[in-house]
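1. Please find the sequence and the predicted model below.
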Amino acid sequence: MLDIKFIRENPNLVKENIKKKYQEQKLPLVDEVIKLDSEIRSLKAEGDNLRSKRNSISSSIGTLMRNGKKEEVEDKKSQVVEINNKLVSIEKKEEELSEKLKNKMMVIPQIIDDSVPIGKDDSENVEIEKFGEPKVPNFEIPYHADILEKLNGLDKDSAGRTSGNGFYYLMGDIARLSTAMISYARDYMIDKKFVYCIPPFMIRSDVVNGVMSFAEMDAMMYKIEGEDLFLIGTSEHSMIGKFKGQILKENELPITMTSYSPCFRKEVGAHGIEERGIYRVHQFEKQEMIVICNPKESMTWYNKMWKYTVEIFRNMNIPVRTLECCSGDLADLKVKSCDVEAWSPRQQKYFEVGSCSTLGDAQSRRLGIRIKGENGNYYAHTLNNTVLASTRALIALIENNVNEDGSVNIPKVLRPYMGGKEKIEVK
């Protein structure tokens with residue numbers, strides 16, 4: 001959410017930013033917000049004048065009473081009552097307009113960074129760099145679900161009976177391999193001095209509204225019936241929410257944390273839920289990282305964070321590349337974002353396995369996360385990055401480490417978490 005003063009002083013810049021994000025339908029919001037802001041400020045001024053007048057009248061009542069001027073006292077009291085009634089009406093109107101203003105401001109997108117490429121959707125994202133040589137073996141790689149089933153590691157039929165489409169059972173060495181990847185990613189981040197955390201897996205609506213846009217919420221979040229609770233789609237939500245309403249000490253920044261959680265997603269949209277595989281599902285596990293920092297340091301942290309993900313995947317023998325997300329592919333709260341994509345030798349193309357974003361002060365303004373500085377309080381910057389998402393990472397690992405006989409080599413960094421095992425054999 002932008003600062004109302006910024007919108008008031010830079011309406012053309014805000015409109016231009018909306019155009020860059022191909023959201024022309026939101027252009028009228030800028031003028032509507034400025035008009036509401038003007039009305040609210042007029043009401044505040046009127047209220048302040050009435051309060052000042054009331055205080056003056058109230059102070060004169062005592063003098064009149066001491067002088068025995070009862071009729072004038074009653075007249076003054078009537079004036080105070082009239083002013084109080086006017087103030088009630090003004091304050092009610094101010095509250096109504098402030099709520100309208102907030103709702104409109106919540107859907108005006110954050111100002112994107114100057115370095116973000118302009119494009120309409122993800123088809124116009126820009127490749128930044130490749131890491132590792134993408135290879136295609138001299139044998140045909142089966143679909144990942146077939147590889148996993150041959151290793152007795154995946155059962156979607158049973159999950160369909162218990163939970164429906166979009167769920168799965170991982171079993172045996174494959175389940176262990178999935179856990180090994182998460183454990184390795186956790187320990188990697190701890191070695192980078194990130195504090196490990198297991199957060200709540202449900203959050204209240206005020207936190208949801210603080211960390212994401214309404215459109216994202218509707219497409220992603222599961223609501224708990226009869227309660228003000230939502231299942232998290234990523235632990236970033238509850239991790240950032242942890243600092244809601246807090247004033248942080250400048251000398252204790254940055255706050256760097258890595259969190260484990262299951263993630264629950266509706267996956268509403270044209271892409272749909274994958275019928276056979278585990279690429280797009282309703283439930284998976286994820287290791288996440290978040291940073292809360294001084295605004296001057298946010299871009300430095302952004303560039304550190306995505307590199308951590310790249311290194312983790314390279315350590316598992318998986319070639320990856322980074323893509324700069326274009327303006328039209330950025331969620332409304334994001335200032336800048338890049339995707340990490342893993343190589344699929346079966347499809348001979350890359351697919352998304354993680355995303356790194358800096359959100360500037362968007363989440364901090366919504367949640368009231370401020371930093372206590374020498375010259376007063378100011379809003380923190382928040383960043384998040386996928387360290388490793390279990391299902392997509394598993395697909396990438398399987399495809400890049402499968403052998404012609406269907407067995408899968410276990411990367412060296414994961415073997416300590418697999419009891420020293422070097423390969424998962426077909427049984």
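-> Now that the structure is in, tell me what you want to look at.
2. phi, psi of residue 55?
-> Residue 55 adopts backbone torsions of phi -60, psi -40, taken as degrees, to the nearest 10.
3. From residue 25, how far off is it?
-> Residue 55 sits 47 Å away from residue 25, going by CB to CB, to the nearest Å. The way it works is simple: take the backbone N, C-alpha and C, and place the C-beta from them, glycine included.
4. More neighbours: these two, which one.
-> It is residue 55, of residue 55 and residue 25, that has more neighbours when counted by other CB atoms under 10 Å, with 12 against 8.
5. Just the C-alpha atoms of the helix or strand of the chain with the lowest mean pLDDT, please, in CSV.
-> The helix or strand of the chain with the poorest confidence is helix 214-220; it has a mean of 76 (mean pLDDT, DSSP states H and E). What follows is helix 214-220, C-alpha atoms only, in CSV (Å, rounded to 0.1, in the frame of the first residue of the first chain):
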residue,chain,number,x,y,z
PHE,A,214,-7.1,-9.6,-2.6
ALA,A,215,-6.8,-11.3,-6.0
GLU,A,216,-3.9,-13.5,-4.7
MET,A,217,-5.9,-14.4,-1.6
ASP,A,218,-9.0,-15.5,-3.6
ALA,A,219,-6.9,-17.6,-5.9
MET,A,220,-4.7,-19.3,-3.3
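6. Could you point out which residue ranges in this structure have low pLDDT?
-> Within the chain, the ranges that satisfy pLDDT under 70 run 62-63, 214, 268-274.
7. How about the residue in it that sits furthest from its center?
-> Relative to the centre of the chain, the most outlying C-alpha is that of residue 68, 66.6 Å out, by CA atoms, centre = their mean.
8. quick one: that residue from residue 209, how far?
-> 58 Å.
9. okay, now residue 227: neighbour count?
-> The tally of other residues near residue 227 (other CB under 10 Å) stands at 10.
10. That one belongs to a helix, doesn't it?
-> No - going by DSSP: H, G, I helix; E, B strand; the rest coil, the assignment for residue 227 is coil, not a helix.
11. For it, give me its contacts.
-> Applying CB atoms under 8 Å, 6 or more residues apart in numbering to residue 227 gives no contacts.
12. Where does the residue farthest from the centre of the chain sit: helix, strand or coil?
-> coil.
13. Would you mind measuring from it to residue 377?
-> Distance of residue 68 to residue 377, given as CB to CB: 52 Å.
14. what do you get for residue 397?
-> 45 Å.
15. contact partners of stretch 172-189?
-> Contacts to stretch 172-189, defined as CB under 8 Å, 6+ apart, come from residues 148, 151-154, 170, 196, 258, 260, 285-287, 289, 308, 311-312, 315-316, 387-388, 390-391, 393-394, 397, 408, 410, 413-414, 417-418, 421, 424.
16. Pull out the buried residues from the residues you listed.
-> Buried by 16 or more other CB atoms under 10 Å: 148, 151, 153-154, 170, 258, 260, 285-287, 289, 308, 312, 316, 387-388, 390-391, 393-394, 397, 408, 410, 413-414, 417-418, 424, out of these.
17. now the helices for this structure?
-> Using DSSP state H, the helices of the chain run over 4-9, 11-20, 27-66, 70-105, 144-150, 156-162, 172-191, 205-211, 214-220, 236-241, 298-314, 362-367, 390-401.
18. now, of those, which is deepest in the fold?
-> helix 236-241 (a mean of 26; mean count of other CB atoms under 10 Å).
19. Check which helices and strands that helix sits against.
-> Here helix 236-241 touches strand 202-203, helix 205-211, strand 255-264, strand 283-293, helix 362-367, strand 381-389, going by 3 or more CB pairs under 8 Å, 6 or more residues apart in numbering; DSSP states H and E.
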